[in-house]
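Q: sequence-free structure coming up:
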């Protein structure tokens, strides 16, 4: 049985479509793989009622990997640090100022 706390953290119907214990996952793997290929979705696999892994379409994995690579980019990290520093100093513009600048 899946832990109730687990379902609060990963509610069925959000990003996680369903959850399977490891034994059930092993038994239903061909069915789940077909479902992922045809319908997509993210499936949580638990071991002793604790999250163990997530089965997702390969395309979703590639997107996640790309995002992580971008987030680990030294240039992006530098830009984010500068933006945070500017914000703390009050060096900001209003959304209206941004729109006006964009229209030029």
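A: That came in fine, so what should we check first? Quantities reported herein were computed from a predicted structural model and do not represent experimental measurements.
Q: OK, contacts around residue 68?
A: By Cβ atoms under 8 Å, 6 or more residues apart in numbering, the contact set of residue 68 is empty. Every C-beta, even on glycine, is put in place using the N, C-alpha and C of the backbone.
Q: continuing past the strand or helix carrying residue 66, what's the next helix or strand?
A: Taking DSSP states H and E as the definition, one finds residue 66 inside helix 58-71. Note on helix 58-71: by DSSP H and E, the next helix or strand toward the C-terminus is helix 74-89.
Q: what's in contact with whatever helix or strand comes next after that next one?
A: Next helix or strand after helix 74-89 toward the C-terminus (DSSP H and E): helix 95-103. Helix 95-103 is contacted from outside by residue 93, using Cβ under 8 Å, 6+ apart.
Q: Show the low-confidence segments of this structure, by residue range.
A: Within the chain, the ranges that satisfy pLDDT under 70 run 1-14.
Q: same thing but at 90, please
A: 1-18, 39-41, 49, 67, 70-72, 76-77, 80, 92-104 (pLDDT under 90).
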